[in-house]
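Visitor: Just need the structure, nothing else, for what follows:
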Amino acid sequence: MNQDVIDKNKDKPIDEIMKISEIYLVEPISSERYGITEKFIFTFSISGFTDPEWREIFTKNYNSDKAKFSGSQFILTCKSEELEKIVNQVKPCISLTNKIYKEKKEELIEAINKHNSKEIALKTEKKEEEINVKVMFKNFKI
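Guide: Residues are numbered from 1 along each chain as shown. Purely as a prediction, here's the structure:
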């Protein structure tokens, strides 16, 4: 896990980090012709908001520029006769993306917990050292 990611998230409450909603297609919103081509832009509402990390995972899983997510919308650019086929290809990629995204969040929480445990142990060690030095100094003979 990248230390920058841990540092960026270490002070956030765990429930905020794990606030994950499963993304799935909800309903069609609009369709319009894409320029003068045979393609259309199909827009669907989705179940939640996709953040950049979620979208990056999706893009890796679905290696095509036909499908993309923007905020809380899914946008598909294709010929009308390809629509059903592509949506059926995208659905498993969305499920896989949800799974990977959740696993990454769980890994982040585990890394933050390890980081925090190390910080607590270090603070405890320093506090014990401080106490020992005070006792040693109090009993110091000149």
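
Visitor: Could you list every helix and strand that the helix or strand encompassing residue 104 packs against?
Guide: If you go by DSSP states H and E, residue 104 is part of helix 83-138. On a contact count with 3 or more Cβ pairs under 8 Å, 6 or more residues apart in numbering; DSSP states H and E, helix 83-138 meets helix 3-9, helix 14-17, strand 25-33, helix 52-61, strand 73-79. Every C-beta, even on glycine, is put in place using the N, C-alpha and C of the backbone.

Visitor: swap the cut-off to 10 Å and go again
Guide: In terms of contacts (3 or more Cβ pairs under 10 Å, 6 or more residues apart in numbering; DSSP states H and E), helix 83-138 is packed against helix 3-9, helix 14-17, strand 25-33, strand 39-46, helix 52-61, strand 67-70, strand 73-79.

Visitor: Can you tell me the centre-most residue of this structure?
Guide: The centroid of the chain falls nearest to residue 53 when counting by Cα atoms, centre = their mean (4.6 Å).

Visitor: Just the mean pLDDT for the helix holding residue 104, thanks.
Guide: Averaging pLDDT along helix 83-138 gives 84.

Visitor: For residue 97, see how far away the residue nearest to the centre of the chain is.
Guide: Here residue 53 is placed at a distance of 10 Å from residue 97 (Cβ to Cβ, to the nearest Å).

Visitor: Please apply the same query to residue 123.
Guide: Distance, residue 123 to residue 97, using Cβ to Cβ: 38 Å.

Visitor: Just want to know which of the two has more residues nearby.
Guide: Legend: neighbour count by other Cβ atoms under 10 Å for residue 123 and residue 97, higher for residue 97 (23 against 10).
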